[in-house]
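Peer 1: Got a predicted structure here, sequence first:
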Amino acid sequence: MAAVSGVLPQVPEPRAAVFRTFSKPRPAHARRQAAATKRKCQASSEAPPAKRRSKASFLPAKKTATKETRRTLKGKAQKTFSPKKSSAGASNGNQERKLGVKTSSLFKNNPEVPELPRPVVKQVQEKVFTSDAFQALDLHPHLISTINTVLKMSSMTSVQKQSIPVLLEGRDALVRSQTGSGKTLAYCIPVVQSLQAMQSKIQRGDGPYALILVPTRELALQSFDTVQKLLKPFTWIVPGVLMGGEKRKSEKARLRKGINILISTPGRLVDHIKSTKNIHFHQIRWLILDEADRILDLGFEKDLTVILNAVNAECQERQNVLLSATLTEGVARLADISLHDPVSISVLDESHDLSSPESEAFLEASPPQATDELDGFAIPAGLEQHVVVVPSKLRLVCLAAFILQKCKFERDQKVIVFFSSCELVEFHYTLFLQTLLSGSGALAPEHLPSTSTPLKFLRLHSALEQEERTAVFQDFMHSRTGILFCTDIAARGLDLPQVTWIVQYNAPSSPAEYIHRIGRTARIGCHGSSLLVLAPSEAEYVNSLASHKINVSEMKMEDILSVLTKDDCFKGRRGGGQKSRTAGPQEIRERATVLQTVFEDYVHSSEETVSRAKKALQSFIRAYATYPRELKHIFHIRLLHLGHMAKSFGLRDAPKNLCASAMKKKKANLKRPDLQKKKTQSKQRLAEILRSEYASGMETGSAKVRKQNTRSGPSQPRGTARNPGPASAEGTD
Ligand SMILES: Nc1ncnc2c1ncn2[C@@H]1O[C@H](COP(=O)(O)OP(=O)(O)OP(=O)(O)O)[C@@H](O)[C@H]1O
């Protein structure tokens, strides 16, 4: 068992203070220094993480931007929404008049789709499997037979082959390998092996021997499931999971009885540390941080400090293991000073020669050197990445066409679509449910897609009731087909079998999140594809990805839209009911316009639906404002055409007060100091909401917001979440 390090060098980053507490209690002067840094951290951690910190605002940053936006809005009012003027070509205008729709031209006045940069990058790759069987390891025979018969696995993956022996030796470790390469078992097997082998047999009442922290509730359930299976022959070791959304009382009871391998989200564990007498850590032998880079994110800092202080106060020696597909140099540096003699395990193959022995993995005794983000992360070999550039007005029809293509005209497709906020998920989920599903929609029954494969829409985000969240997760997990709309809560760690496509409808806020999102497909040596949707002004993002060794190939929007010619439910009245044999660009445009009209008709069918669309648009703009500084030159509100963007929410007009009212409010607030205090409070509340995924679900702040949203009661669509409120641009909703 590794002894943990003593006095640590001073590290300026606030995160370092948290990380230091991996160590056992330190001398007084170091403690004083750490306390001061911790106070600083705590103060700073009141605010949401830097990339989410910018206040949810849709105010243009500069005067010039204001002018531009006004011009945009004015222009929009003049140019669009007049059936006479609408022109996807003259014939399209005719068609619209015939249909009596108010849809403006989707294909006019769009910015030119730029030629995409084609940087040549050599992607980092890893070999997933080895030829070595688990029998090669020094494991209890019952554990091996459980792996073989219950988990139905025979040979080890590269990361398992490298990690398991090292961890069984008692070393601290930093483990990095690509998504879907078997990291969960890489730490679960050594934990179970070491605990079952303890000389004095573990008693349930001893409490936790291993603490596994994961960022989301679904991941907690998933890891719990794996541990439970491995423990089948070792019934005296009791696993347990703590996560937000469950009744605190029942968790307390389970803690009282005893949990030996405790899997938890940080927020919920902190709640129990603060409020549950029966929780103690004096037996802890293992501390595991799965998705370590996420857990060490600023948003978790406060919780992690509480947890590590509680553990350090009671336990002197333990093994620390940090794992992720995207361990950055920053995390490695912190680990270097905090862990005891850690081993860095990185399964990399930059040579692309997957057959060479060196390609399997390399192992360094010390110091740990997780590759810097800039060096690139490994991407599964079976993953084909695509990008499509779509003018803002056409985003919605393009997404719908892509989904129809995959899930209606192809078999056994399972698609995950990532959005940047809960509100966006809710809006698109309801819209597609109401318009594209038989019997429920704005399309007249004879105009419904003659779905051979029925479409199945699901959605997952942190504002759903836990019960529904778990049900959706299980449903999608066991479905052969389906479309899951979600936020980044589904981006990390989830192992959903047979996902064929990942769509990033809103671009992620970092290359790491890009890697984790696409990593929900092409797992454990399988094949899969991903599609990133960009606006013309965002095309430069391809270069940004390339600088992280991420290679995407272009897909053409016209090719995606052409699926609409496969089903005559999208045909206008012109040209009778026959299926068109030769679908030219004009035909595609007309059909896209019909589909857009269906969306717009639904959105404008009631004040309620218009209001929801407006809120979703606002949520999009707020999330857009949270891209980190280094991406602001690509993702900046000033670069967006709000009128065009409104169209992608089925709105016929850009909400006029979108910018103006927000600006008025800001000016008025500046003159009223009494409101400044309120503003700070609401900022804090926003921070709470942003972090709700990791919270216990018992905080008063977030509960209030949920309650407010519940009040909308009957007006909410079926199954609508309690709080699809403001959410971050990534994984914290
Ligand atoms: N040795 C093995 N043989 C066959 N399948 C395996 C093996 N090890 C793990 N798997 C399976 O591979 C899948 C991915 O494993 P896991 O979820 O642990 O990946 P991961 O590396 O943690 O991914 P992520 O980085 O996305 O969290 C799971 O379905 C798991 O059951």
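Peer 2: That came in fine, so what should we check first?
Peer 1: so where's the stretch 551-700 of the chain uncertain?
Peer 2: Across the stretch 551-700 of the chain, the ranges flagged by pLDDT under 70 are 572-583, 657-700.
Peer 1: Which stretches in it count as helices?
Peer 2: 557-561, 585-603, 607-624, 642-647, 657-671, 673-690, 700-710 (DSSP state H, counting those that start in this stretch).
Peer 1: residue in the stretch 251-400 of the chain nearest to the ligand?
Peer 2: Ala325 (4.1 Å; CB to the nearest ligand atom). In short, each C-beta sits where N, CA and C put it, glycine included.
Peer 1: nearest spatial neighbour of that residue, skipping sequence neighbours?
Peer 2: In space, and not counting its chain neighbours, Ala325 is closest to Thr179: 4.5 Å by CB to CB, 6 or more residues apart in numbering.
Peer 1: Could I get the contacting residues of that neighbour?
Peer 2: The contact partners of Thr179, by CB atoms under 8 Å, 6 or more residues apart in numbering, come to Ala325, Pro380, Ile515, His516, Ile518, Gly519, Arg520, Arg523.
Peer 1: Check whether Glu554 really touches Val387, as I assumed.
Peer 2: Yes. Under the criterion of CB atoms under 8 Å, Glu554 makes contact with Val387 at 5.8 Å.
Peer 1: Pull up the overlap in contacts between those two.
Peer 2: Counting by CB under 8 Å, 6+ apart, the contacts common to Glu554 and Val387 are Leu116.
Peer 1: out of the two, which sits in the more crowded spot?
Peer 2: Val387 (21 against 15; other CB atoms under 10 Å).
Peer 1: Show me where this protein dips below the pLDDT cut-off.
Peer 2: 1-104, 246, 333-334, 336-338, 349-375, 438-453, 572-583, 657-733.
Peer 1: residues from it in reach of the ligand?
Peer 2: Residues of the chain lying near the ligand by CB under 6 Å from any ligand atom: 153, 156-157, 160, 179-185, 325, 493, 495, 519, 523-524.
Peer 1: Tell me where the stretch 51-200 of the chain has strands.
Peer 2: 129-133, 155-157, 173-176 (DSSP state E, counting those that start in this stretch).
Peer 1: Please name whichever of the ones you listed is nearest to Leu396.
Peer 2: Of all the strands of the stretch 51-200 of the chain, it is strand 173-176 that lies closest to Leu396, at 37.7 Å by CB to CB.
Peer 1: did I read that right, Asn309 in a helix?
Peer 2: Yes. Counting by DSSP: H, G, I helix; E, B strand; the rest coil, Asn309 is found in a helix.
Peer 1: Buried residues in whichever strand or helix holds His386, which are they?
Peer 2: His386 belongs to strand 383-389 when assigned by DSSP states H and E. Neighbour-count burial for strand 383-389, counted by 16 or more other CB atoms under 10 Å, picks out Leu383, Glu384, Gln385, Val387, Val388, Val389.
Peer 1: what's around Asn312, how many residues?
Peer 2: A count of nearby residues for Asn312, using other CB under 10 Å, gives 21.
Peer 1: Just the buried positions in stretch 555-575, please.
Peer 2: Using 16+ other CB under 10 Å as the burial criterion, the residues of stretch 555-575 that qualify are 555, 557, 560-572.
Peer 1: Next, give me the two most distant ones among the contacts of Thr179.
Peer 2: Longest span within the contacts of Thr179, CB to CB: Ile515 and Arg523, 12.9 Å.
Peer 1: In strands, which of the buried residues of stretch 555-575 appear?
Peer 2: If you go by DSSP state E, those have Met555 in strands.
Peer 1: Relative to the ligand, which of the buried residues of stretch 555-575 is nearest.
Peer 2: Taking the buried residues of stretch 555-575 together and measuring to the ligand by CB to the nearest ligand atom, the closest member is Met555, at 24.3 Å.
Peer 1: partner residues bridging that closest one?
Peer 2: Val388 (DSSP bridges).
Peer 1: shouldn't it be in contact with Leu532?
Peer 2: No. The criterion here is CB under 8 Å, and Met555 misses it with Leu532 at 9.5 Å.
Peer 1: which residues are common contacts for these two?
Peer 2: The contact sets of Met555 and Leu532 overlap at His386, Val387, Val388 (CB under 8 Å, 6+ apart).
Peer 1: quick one on the thing from earlier: distance check, the residue of the stretch 251-400 of the chain closest to the ligand against Met153.
Peer 2: Using CB to CB, to the nearest Å, Ala325 is found at 20 Å from Met153.
Peer 1: out of those two, which sits in the more crowded spot?
Peer 2: Using other CB under 10 Å, the more surrounded residue of Ala325 and Met153 is Ala325, with 26 against 17.
Peer 1: ok, that one touching Gly376?
Peer 2: No. In this structure, Ala325 is not within contact of Gly376 by CB under 8 Å, at 11.9 Å.
Peer 1: in the stretch 401-550 of the chain, which spans are helices?
Peer 2: 422-436, 466-478, 511-518, 541-546.
Peer 1: Just list the residues touching Gly650, thanks.
Peer 2: Gly650 neighbours (CB under 8 Å, 6+ apart): Leu396, Leu431, Gln596, Phe599, Glu600, Tyr602, Val603, His604, Ala613.
Peer 1: Please tell me how far the fourth one sits from the ligand.
Peer 2: Computed as CB to the nearest ligand atom, to the nearest Å, the Phe599 to the ligand distance reads 34 Å.
Peer 1: what's the answer for the second one, then?
Peer 2: Remark: distance between Leu431 and the ligand (CB to the nearest ligand atom) = 30 Å.
Peer 1: and what of the fifth one?
Peer 2: Going from Glu600 to the ligand by CB to the nearest ligand atom gives 38 Å.
Peer 1: wouldn't that residue be in contact with Asp653 here?
Peer 2: No. Taking contacts as CB under 8 Å, Glu600 lies outside contact range of Asp653: 10.4 Å.
Peer 1: more crowded one of these two?
Peer 2: More crowded of Glu600 and Asp653, by other CB under 10 Å: Glu600, with 23 against 16.
Peer 1: excluding its backbone neighbours, what's nearest the more buried one?
Peer 2: Ranked by CB to CB, 6+ apart and with sequence neighbours excluded, the top spatial neighbour of Glu600 is Gly650, at 5.0 Å.
Peer 1: Quick check on the one you found: phi, psi?
Peer 2: Backbone torsions of Gly650, given as degrees, to the nearest 10, read phi 70, psi 10.
Peer 1: mind starting the numbering at 894 from now?
Peer 2: Noted, 894 is the first residue going forward, which turns the last one into Gly1543.
Peer 1: quick one: it and the ligand, what's the gap?
Peer 2: According to CB to the nearest ligand atom, Gly1543 and the ligand sit 34 Å apart.
Peer 1: Also Ile1527?
Peer 2: Taken as CB to the nearest ligand atom, the span from Ile1527 to the ligand is 26 Å.
Peer 1: quick one: that residue from Leu1189, how far?
Peer 2: Applying CB to CB to Ile1527 and Leu1189 gives a distance of 26 Å.
Peer 1: And the strands in the stretch 1194-1343 of the chain?
Peer 2: 1212-1217, 1236-1239, 1255-1257, 1276-1282, 1307-1311.
Peer 1: highest average neighbour count across those strands?
Peer 2: Comparing these by mean neighbour count (mean count of other CB atoms under 10 Å), strand 1212-1217 comes out on top with a mean of 27.
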